[in-house]
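S.K.: Sharing a sequence plus its predicted fold:
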Amino acid sequence: MNPYLAGIGLGLVLLAAFVLVGRGLGATGAFNSIIAWAVSSVAPEHAQSNEFIAGYLPDDGSSPLKSWLLFEVVGLFAGAMFSGLLAGRAKVTTEKGPRVSVRVRLAMAFAGGVLMAFGAAFARGCTSGQALTGGALLNLGSWAFMMMVFAGAYAVAYFVRWQWR
Amino acid sequence: MAMMAPFLKYGTFGEETSLVLAFLIGIGFGFFLERAGFGSARKLVSQFYLNDLAVFKVMFTAIVTAMLGVTYLGWIGWLDLSLVYLVPTYLLPQVVGGLILGVGFVVGGYCPGTSVAATATGRIDGLVYVLGIFAGMFAFAELYPWLKGFYLSGSGEALTLPGTFGLPYGVVVFAVVLMAVGGFYGAGLLEKKFAATGE
């Protein structure tokens, strides 16, 4: 799809979220809710004593899985799968350049995910919750964050180009 | 016209309905991410090698669309913007978080939302990236007692660009639109210049 058309579509979805529920899109929060659920299932006292995890446990004792962002991310999964199947783009494969093995590419993907988690935790959101949502609401922290995402990525892109080309 | 939105805050429907809406909104979110080609790590990272700037184009078109939407709906008195949730500002951790996240983006090939879209369309590297996020988030939570000081450095107020720079809201909106249009023009030029060095 033309990127400007896809952008308008995405922007209207974001606008719908603002108008309907008074919040924007997100992704990282869903991961946090699942972690909070897992830790509180295995070690409830440990979950309560960890301030970061406790922040994702509802005060009324209901399940941390009953989270708005988690429902939204389940929808994201379904919507992406629907679009991918419709376009014939859904297939089991590993995205990588020709000069890197699958094993190394997967190790890099894992490392990238770990870094992403730390970055998103410090920033209180990721490209969805901060850059897109906060960007549209003219949030100061979101704009500073967005500039830094591009700065960080451009700064190291050269050193990992072997992964893609 | 009387203020009506955000509907949830005005009690038009309750929390349960908002969860159904979360799922439906998510479907739209995932659909357009995948349509844009963002279920593919190679497409996403092309942004950082300048041969395909779709990430910038989609992101800024979406930001401008939603920003103009809330601005107009606010002006006609239909949407109370003060009831739309703003993430509190902790500038220093957000700047450092952005840098770390940017590195994670180009090293791993995805961001959290796009890794879910990639997993949904069969990308193994997307799934492994998702597992990496879980591992990293768990590690962050366990290290939180030591990270807390830095995590909470900042005012914690929800600061906005118009508020911080003392500019009228409409002026900042206009500036963002101008910046986006200029950026789109520049993106086209960069793509032409770097297309030849691509694959």
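M.R.: That came through, no problem. Numbering: from 1, shown residues only, chains lettered A, B, ... in the order given.
S.K.: burial of B:Gly149, as a residue count?
M.R.: 8 (other CB atoms under 10 Å in any protein chain shown). Heads up, the C-betas are built off the backbone N, CA and C, glycines and all.
S.K.: Enumerate every residue touching the closest residue to B:Met3 other than its chain neighbours.
M.R.: Closest residue to B:Met3 apart from its sequence neighbours, by CB to CB, 6 or more residues apart in numbering or on different chains: B:Asp80 at 5.1 Å. With contacts defined as CB atoms under 8 Å, 6 or more residues apart in numbering or on different chains, B:Asp80 is in contact with B:Met3, B:Ala5, B:Pro6, B:Lys9, B:Gly74.
S.K.: got the contact list for stretch A:7-19?
M.R.: A:1, A:23-25, A:132-133, A:136-137, B:5-7, B:25, B:28-29, B:31-33, B:35-36, B:57-66, B:69-70, B:73, B:79, B:84.
S.K.: again, but for stretch B:60-73
M.R.: Here stretch B:60-73 has contacts from A:3-4, A:6-8, A:10-12, A:14-15, A:18-19, A:24, A:131-132, A:135-138, B:5, B:79, B:81, B:84, B:169-170, B:173, B:176-177, B:180, B:183-184, using CB under 8 Å, 6+ apart.
S.K.: and that stretch, how far out from the chain's middle?
M.R.: Remark: stretch B:60-73 is offset 13 Å from the chain centroid, using CA atoms, centre = their mean, to the nearest Å.
S.K.: mind listing what's buried in it?
M.R.: Buried residues in stretch B:60-73, counted by 16 or more other CB atoms under 10 Å in any protein chain shown: B:60-71, B:73.
S.K.: Take the residues you listed and keep only those in helices.
M.R.: B:60-71, B:73 (DSSP state H).
S.K.: Do you know the pLDDT at the closest residue to chain A within chain B?
M.R.: Distances between chain B and chain A by CB to the nearest CB are smallest at B:Gly108, namely 1.5 Å. Note for B:Gly108: predicted pLDDT of 97.
S.K.: Helices of the chain, start to end?
M.R.: You didn't pick a chain, so chain A it is. A:3-21, A:28-42, A:44-49, A:51-54, A:68-87, A:102-123, A:133-136, A:140-157.
S.K.: Chain B is the one I meant
M.R.: Going by DSSP H, chain B shows helices at B:15-35, B:41-49, B:54-75, B:91-108, B:112-120, B:124-151, B:161-165, B:169-195.
S.K.: Could I get those helices in CSV, plus columns for distance to A:Asp60?
M.R.: Shown next, in CSV, are those (distance: least, CB to CB, whole Å):
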stretch, distance to A:Asp60
helix B:15-35, 11
helix B:41-49, 39
helix B:54-75, 31
helix B:91-108, 29
helix B:112-120, 27
helix B:124-151, 21
helix B:161-165, 34
helix B:169-195, 36
